[in-house]
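Undergrad: Let's see this in three dimensions:
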Amino acid sequence: MNQSILGLYFEEFEIGGVINHALSKTIFESDNNLFSLLTMNHHPLHTNKDFAENSQHTKILVVGTLVFSLAVGITVPDISGKAIANLGYEEIKHVNPVFIGDTIYVRTNILDKIESKSKPDRGIVYVESIAFNQSNEVVLTFKRKVLIQKQPIL
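TA: So this is what the prediction gives:
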C-alpha cells in the first residue's frame, strides 16, 4: 500500500496554475448550530428559524466564518499540506449568502511564489481561493500567503 501525498512542495506550485480541489462539503444544520455555539455567535439569523424567516433571505444563514473555515480546510490537502506556516489571510469577501444544505466547492489560483531570502529550504506561495456553491455561484473569496518547504535534497 502506498502512503498518501499531502500537499505540494514549493517547487511544484506554478504561477498561473489553478487547482480544483477534490474535497467538498454540504453544510448541515448541525454544522451551523455547533459552529455558532463554539464561536459564541448567537445571532438569531444563524440559529432562529422564525427570526430568519422574517429577514431579507427568509431562511437561516450559515455563519460566514464557518464558510471561510470550510473553504480553507478544503484547500489543505493541496495548498498547505507541506506548509510550515500560514503567514496571513487577506481580502476575505463574502460574495453571496450560504444556506443550510448548500455544498461548498473551492478552486485556487496560484498568484505568485517567492523564495525565502534567509532560509533556502522554503518559500512563500501566494494564492487566491474561490469558494462556490452547488449552483456554481461564488460565495467567498480570499487570498493568503503560505510558507512552504522545498523538496528535500537527497
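Undergrad: At which residues are the helices of this protein located?
TA: 29-38, 44-47, 49-53, 64-75 (DSSP state H).
Undergrad: Show me the strands in this protein, by range?
TA: For the chain, applying DSSP state E gives strands covering 18-20, 25-26, 83-94, 103-115, 122-132, 138-149.
Undergrad: Compare the helices of the chain and give me the one nearest Val125.
TA: When those are compared by Cβ to Cβ, helix 64-75 sits nearest Val125, at 11.4 Å. The way it works is simple: take the backbone N, C-alpha and C, and place the C-beta from them, glycine included.
Undergrad: buried residues in the closest one?
TA: The neighbour-count criterion (16 or more other Cβ atoms under 10 Å) identifies 64, 66-68, 70-72, 74-75 as the buried residues of helix 64-75.
Undergrad: For Lys117, state which of those is nearest.
TA: Nearest to Lys117 among the buried residues of helix 64-75 is Thr75, at 26.0 Å by Cβ to Cβ.
Undergrad: any idea which helix or strand of this protein has the worst average confidence?
TA: Sorting the helices and strands of the chain by mean pLDDT, DSSP states H and E puts helix 44-47 at the bottom, at a mean of 90.
Undergrad: I appreciate the help and will end here.
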